[in-house]
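Visitor: Provide a 3D model corresponding to the input given below.
(2 chains)
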Amino acid sequence: MSQCRARLTEENTYGGDTIRYSSPAHGGWGVVRMGMLVPESYQLFVCPFACGRHGAIGAMKQGLKHRLSYLYIDEADIVSGGYEELIVQAVDELLAGLSFRPKVLMIFVSCLDDLLGTDHQAILQVLRQNYRDMRFTFCHMNPITLDSKAPPPVNINRKMFGLLEPREQRDSAENAAALYGPNVKIDNSSELHQVLAAAGIAELRHIADCRSFAEFQKLAGVSLNVVTSPPGLQAAMDSKERLGIDYVYLPVSYDFQEIADSYAALLQCCGRQAEFDLCPARQSAQLAVQAALRELGDMPIIVDASATVRPFTLAKTLCQFGFNVRTVYAQQCIGLEKESYRWLGENAADVEIKKPEHHLAPAVRKKEGNYLAIGFEGAYLTGAQHVVNLVSDETLYGYHGVAKLMELMTAAKREKRDLRLLIKQYGLVV
Amino acid sequence: MIKLAVKLPPFAPDYSGVCSALFELGGLVVIHDASGCTGNYTGYDEPRWYDSGAYIYCSALREIDAVMGNDHILADRIQKAAEELRPRFIAVLGSPVPMVIGSDFRGMAAEIEKKTGLPTFGFATTGLNYYDKGVSEALVAYARRFVNEKRERKKHAVNLLGATPLDFGHGNNIDGFKQELAARGLEVLAVFALGSEPEELAESSAAAVNVVISASGYQLAEYFQKAFGTPYVIGQPLGERQTDRLCELIERTEGADRKETAAGQNHLPVPVNSDAHILLLGEQVTMHSLRACLSEDFGYPGAAIGCPFAMLPKLTHHDDLLLTSEKAISSMINCHKYTHLLGDPFFNMLNESGLKFIPLAHVAVSSKVYWDEAPELAGKRTIELLKGVF
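Guide: This next block holds a predicted model:
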């Protein structure tokens, strides 16, 4: 990364670390909302009370609080080692007081637990004996692991899909695939669904579509798992090992060649030759790009990592399309993005690369700017008046995703947006 | 099990209180945590965060740093940031993990102060105490450092102690308080710490009397009394007659000697009524002031107070309760003694007895869910809030 030639700014110190700024546009779904995707599940957080505030208020705003409770631990519990016993007692009291019986209880622990060595297995053993009609699992809300190989988004995906139980027989008649990674399903109009159909897969199921725990369990009967976002990859690897379901990793991209390569890999994985005609989808995307270019002209564009897991690839692609990319905001460059980061350094020296959490970010922030920002955080930091309301690539995939993004950019150019309202409506959780 | 919270969310923690108290004072404030604690404060306990240029940061504590005890790395990072940002002071705060690994915040502060030459505070906040403790500690620490010159006493001049949005929202409550006092001949010199410039705070020792407007301001009042001999009263100017009486008390206190104020003559007494059927649930000084307003302006004596936060013994009646758990809050609401409940809208989730509910949003409880709906209370606005209810 130190070889990057993209314009280094005073906020950009990729070589070192610093104290972190948390802008009002920082955040995403958070592990509470992600875990709530498991139908008929309930969450019990076991932590110092402070750790639970953002998740609880977020759940209030999202109408999920009725499936979330807290067991507060204090210094005495930690020191005395009474922590483990408390959990069993709390589960008894919680379940006795609920007006319904959840199918799953997800017990969340916080950063603190990583340092305590709590015996989760012993607790699970007791709970499973006491409540044979329920499943129990320990989950982690531990941003202290953010720089590790198993940060919270990866971990919660593993825990969610870890609730799938092996099936004696695969339901081959259904011939479906399951989507791992994104928190919301991919737009039904994406050509991904047609490519899957051409590969003999009639349906791409997403956890958010499952209305019951029994329906969720059908994800264990699919013939293939499709991973389009990095946080789902490890969970798919687990499912291959535990459930025998193969997976294909096709990370979301806005680069036409990468999209073509992904579809070729998908067809190959399904044992089909590349027979699907992608030209119409590709042409639609190209037309949308041209229309967006006409609309935006030279308007400076800000790309940030809150909008896409591929900020450098999106910036690279937009540059190649002919857009005027001004800045990329990303706190880190994941492995998947290193090539695009390098490309920007070698081919787009005018593109600034900044860390949104750098300590200088609030000092140099502009409150108003004639920019188009793809993502909330870049919009906040630059004061962009035109904002593409996109978080974590939600619903976008393939050529259709490119076309839809172009439509969003065009719409954003035509109308100034109230960023504060957009953030509020989305309900970002740190 | 008293530690189980099924319906209510966790309330604002101590580190949010420290940050909130220092927010407007030009400091560089760093919470030593992974990210969630800082997010709690910036996202859920600070209505002023959007569009602000305040320097509140996260240390980005990681597992390896916790295990290895790399607190010196944080000191280096803070030094680097301080050199570029040039804050008036620095504060470094704890969270649950530093509590477990035994981070020494006083030591860290001393090291940072030595490196930067800037006044530096260390707060061993843990996330195991509520916001009021953090506000209290921050205000006292700030005053000890920056209000250290005894000034000539100014007649009819007061300070308001214990003001943060966590208790008073981000509306105009403090401005309303100032107007009510001004209408009765009292000038507010400084508000700790909402809406006053650091220079105004530095000159606050000239006040004749301090007015403690939340329990968070109590320790600061004690500090002022010890350091400068400034007497204090406890209460908010809510209602009309109650505000009159509070201002009379301030005037009396201005002329009183230290023994009188120490003897407990520094708040408005309210007749005790064990048959009271009104329950006031929330921050104690606010609720006590409402209780006094009910007594003075409505002729209703002795409403009971339930408080999940710090309680000052001086204000506590025998029917008042410190509520340390959701179960305790629920039990008090549903004890079949009360007909009316006034408090944050979240408390109404526990109202299974059909008590008539009067909402009074409290940021430290319901955060952004209701912080745009926090009512203004100064003077007759309280009467408007309660009129038609009692």
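Visitor: now do the same for the residue nearest to A:A199 when sequence neighbours are not counted: its pLDDT.
Guide: Leaving out its chain neighbours, the residue that sits closest to A:A199 by C-beta to C-beta, 6 or more residues apart in numbering or on different chains is A:C270, at 3.6 Å. For the C-beta atoms, the positions are set from N, CA and C on the backbone; glycine is no exception. A:C270 carries a pLDDT value of 83.
Visitor: per-residue pLDDT of the spatially closest residue to A:V402 that is not a sequence neighbour, please?
Guide: What sits nearest to A:V402 in space, not counting adjacent residues and going by C-beta to C-beta, 6+ apart, is A:A285, at 4.2 Å. Model confidence at A:A285, expressed as pLDDT, equals 98.
Visitor: wait, isn't A:A285 in contact with A:D255?
Guide: No - between A:A285 and A:D255 there is no contact under C-beta atoms under 8 Å: 11.2 Å.
Visitor: those two: who's more crowded?
Guide: Using other C-beta atoms under 10 Å in any protein chain shown as the criterion, A:A285 and A:D255 rank with A:A285 on top: 24 against 17.
Visitor: what helix or strand is that one located in?
Guide: For A:A285, the host element (DSSP states H and E) is helix A:279-296.
Visitor: could you give the mean pLDDT of the very next helix or strand once past that helix?
Guide: Next in sequence after helix A:279-296, counting helices and strands by DSSP H and E, comes strand A:301-304. Taken as a whole, strand A:301-304 carries a mean pLDDT of 97.
Visitor: ok, strand A:301-304: who's next to it in the sheet?
Guide: Paired neighbours of strand A:301-304 in the sheet (DSSP bridges): strand A:325-329 (parallel), strand A:369-374 (parallel).
Visitor: gap between the first one and the chain center?
Guide: In this case it means strand A:325-329. Computed by C-alpha atoms, centre = their mean, to the nearest Å, the chain-centroid distance of strand A:325-329 equals 21 Å.
Visitor: around chain B, pick out the residues from the stretch 51-200 of chain A.
Guide: Counting by C-beta under 8 Å from any C-beta of the partner chain, the residues of the stretch 51-200 of chain A close to chain B are A:51-54, A:56-57, A:59-61, A:65, A:69-75, A:78, A:86, A:89-90, A:93-94, A:97-98, A:110-112, A:114-116, A:141-148.
Visitor: and those residues, which of them are in strands?
Guide: Cross-referencing those against strands under DSSP state E gives A:69-72, A:110, A:141.
Visitor: can you pick the most crowded of those residues?
Guide: Within those, A:Y70 tops the neighbour count with 28 neighbours, counted by other C-beta under 10 Å.
Visitor: which residue is the nearest non-sequential neighbour of that one?
Guide: B:A5 (4.3 Å).
Visitor: wait, A:L105 touches A:M134, no?
Guide: Yes - here A:L105 reaches A:M134: they are 6.1 Å apart, a contact under C-beta under 8 Å.
Visitor: can you list residues touching both of the two?
Guide: A:L127 (C-beta atoms under 8 Å, 6 or more residues apart in numbering or on different chains).
Visitor: quick one, which of these two is more surrounded?
Guide: Neighbour count, other C-beta under 10 Å: between A:L105 and A:M134, A:L105 has more, with 20 against 16.
Visitor: do you know how far that one is from A:L95?
Guide: 8 Å (C-beta to C-beta, to the nearest Å).
Visitor: what do you get for A:G271?
Guide: 47 Å.
Visitor: the two: who's more crowded?
Guide: More crowded of A:G271 and A:L95, by other C-beta under 10 Å: A:L95, with 18 against 8.
Visitor: circling back: tally of neighbours for the residue nearest to A:Y70?
Guide: By other C-beta under 10 Å, neighbour count at B:A5 equals 22.
Visitor: show me the shaky parts of chain B.
Guide: For chain B, the stretches with pLDDT under 70 are B:1, B:257-264.
Visitor: domains for it, by residue range?
Guide: Following automatic domain parsing, one gets these domains for chain B: B:14-129, B:145-262, B:278-386.
Visitor: which of those sits closest to A:L44?
Guide: Taking C-beta to C-beta, domain B:278-386 is the member of these nearest to A:L44, at 13.8 Å.
Visitor: which SS state does the one residue in the stretch 251-400 of chain A that gets nearest to chain B fall under?
Guide: Minimum separation of the stretch 251-400 of chain A from chain B (C-beta to the nearest C-beta) falls at A:H359, amounting to 4.2 Å. Three-state assignment for A:H359 (DSSP: H, G, I helix; E, B strand; the rest coil): coil.
Visitor: and the nearest residue to it once chain neighbours are set aside, how many neighbours?
Guide: The shortest distance from A:H359 to any non-neighbouring residue, by C-beta to C-beta, 6+ apart, is to B:A81 (4.2 Å). Residue neighbour count, defined by other C-beta under 10 Å, stands at 23 for B:A81.
Visitor: and B:A81, what is it in contact with?
Guide: Contact analysis of B:A81 by C-beta under 8 Å, 6+ apart lists A:18-19, A:359, B:28, B:55, B:57.
Visitor: out of these, who's nearest B:H336?
Guide: The nearest member of those to B:H336, counting by C-beta to C-beta, is B:Y57 at 49.1 Å.
Visitor: these two touch, right, A:L336 and A:R310?
Guide: Yes - if you go by C-beta under 8 Å, A:L336 and A:R310 touch, sitting 7.0 Å apart.
Visitor: which neighbours do those two share?
Guide: A:P251.
Visitor: neighbour count: those two, which is higher?
Guide: Taking other C-beta under 10 Å, A:L336 and A:R310 do not tie; A:R310 has more neighbours (26 against 17).
Visitor: distance-wise, check A:D418 relative to A:N370.
Guide: A:D418 is 16 Å from A:N370, by C-beta to C-beta.
Visitor: could you find the closest non-adjacent residue to whatever residue of the stretch 51-200 of chain A ends up closest to chain B?
Guide: Residue of the stretch 51-200 of chain A nearest chain B, by C-beta to the nearest C-beta: A:A56 (3.3 Å). Leaving aside its sequence neighbours, A:A56 sits nearest to B:P9 (C-beta to C-beta, 6+ apart; 3.3 Å).
Visitor: then B:K155?
Guide: In space, B:K155 is closest to B:A208, 5.9 Å off (C-beta to C-beta, 6+ apart).
Visitor: equivalent analysis for B:E24, please.
Guide: B:A193 (6.3 Å).
Visitor: grab the most central residue of chain B for me.
Guide: Centroid check for chain B by C-alpha atoms, centre = their mean gives B:S216 as the closest residue, at 4.1 Å.
Visitor: that one and B:G162 touch, don't they?
Guide: Yes - B:S216 is in contact with B:G162 according to C-beta under 8 Å; the separation is 4.2 Å.
Visitor: now for these two: what residues contact both?
Guide: B:135-136, B:139.
Visitor: quick one: which of those is nearest B:S330?
Guide: B:V135 (26.4 Å).
Visitor: number of residues surrounding the closest one?
Guide: B:V135: 34 neighbours (other C-beta under 10 Å).
Visitor: now B:L342: which helix or strand?
Guide: Assigned by DSSP H and E, B:L342 belongs to strand B:340-343.
Visitor: which residues are contacting that strand?
Guide: Under C-beta under 8 Å, 6+ apart, the answer for strand B:340-343 is B:277-282, B:287, B:290, B:306, B:333, B:347-348, B:351, B:355-360, B:362, B:389-390.
Visitor: stretch A:29-42 near chain B at all?
Guide: No - applying C-beta under 8 Å from any C-beta, one finds stretch A:29-42 separated from chain B by no less than 9.1 Å.
Visitor: so what's the gap between that stretch and the chain middle?
Guide: Per C-alpha atoms, centre = their mean, the displacement of stretch A:29-42 from the mean C-alpha position of its chain is 13 Å.
Visitor: what about the host helix or strand of A:M409, average pLDDT?
Guide: Using DSSP H and E, A:M409 sits within helix A:398-414. In this model, helix A:398-414 has an average pLDDT of 98.
Visitor: what are the buried residues along it?
Guide: Applying a neighbour-count criterion of 16 or more other C-beta atoms under 10 Å in any protein chain shown, one finds A:398-406, A:408-410, A:412-413 buried in helix A:398-414.
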